[in-house]
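[1] no sequence on this one, just coordinates:
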Ligand SMILES: Nc1ncnc2c1ncn2[C@@H]1O[C@H](COP(=O)(O)OP(=O)(O)OP(=O)(O)O)[C@@H](O)[C@H]1O
Ligand SMILES: [Mg+2]
């Protein structure tokens, strides 16, 4: 079962992330896929906010993974600049992020090296201020997560 949301502003995309945050637990993996400017980082910032992370989640040019701490530890990886999927293998993301939440932007740059069980979020640009978010669960844990998120996420998202 996948879920689709239409966001009409950056704030609404962040709010969706914020609403997902309370349902997340250590060991969870969320992959955020979509073209440049589709809203992956905005959504990640909403999650950070919802987890009471003090700084804003963002990507840096030379570091593939940034760590934050809030209600959970957060490992935010941005694979946009990844040159070789082997690098992701070396990062051992799944193993190193076990004690927290793993968020990955541009997972399509190394899908084979990422955990097969994850929540996949697809971001599509549908207009200057509109984005379509499709949530696809891969694994029981994420089916349950989405079932819990669905009623909470109602209204204007
Ligand atoms: N509904 C919307 N949701 C999210 N962002 C939006 C929306 N409408 C417009 N935007 C704009 O799109 C951009 C989204 O940027 P963001 O950094 O979140 O994207 P991204 O997918 O992480 O991009 P990148 O691939 O470069 O990392 C921002 O400039 C934001 O203001
Ligand atoms: Mg980004």
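    Thanks, I have it. Owing to the predicted nature of the structure, the values given are computational and were not obtained by experimental measurement. Numbers count the residues shown, from 1 in each chain. Ligands and ions are numbered 1, 2, ... in the order given.

[2] Look up how far ligand 2 lies from the nearest residue to residue 116 once chain neighbours are set aside.
    Here the nearest residue to residue 116 in space, its sequence neighbours aside, is residue 138; by Cβ to Cβ, 6 or more residues apart in numbering that works out to 6.6 Å. C-betas here are computed from N, CA, C, even on glycine. Taking Cβ to the ion, to the nearest Å as the measure, residue 138 and ligand 2 are separated by 21 Å.

[3] if I pick residue 138, what's in contact with it?
    Residues counted as contacts of residue 138 (Cβ atoms under 8 Å, 6 or more residues apart in numbering) are 116-120.

[4] ok, of those, which come out buried?
    When those are checked for burial by 16 or more other Cβ atoms under 10 Å, the buried set is 118-120.

[5] Would you reformat those residues as a markdown table and include distance to residue 4?
    Formatted as a markdown table, the entries for these read as follows, by distance: Cβ to Cβ, whole Å:
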| residue | distance to residue 4 |
| --- | --- |
| 118 | 18 |
| 119 | 14 |
| 120 | 13 |
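
[6] Which ones among the residues you listed lie within helices?
    Restricting these to those inside helices, with DSSP state H as the criterion, leaves an empty set.
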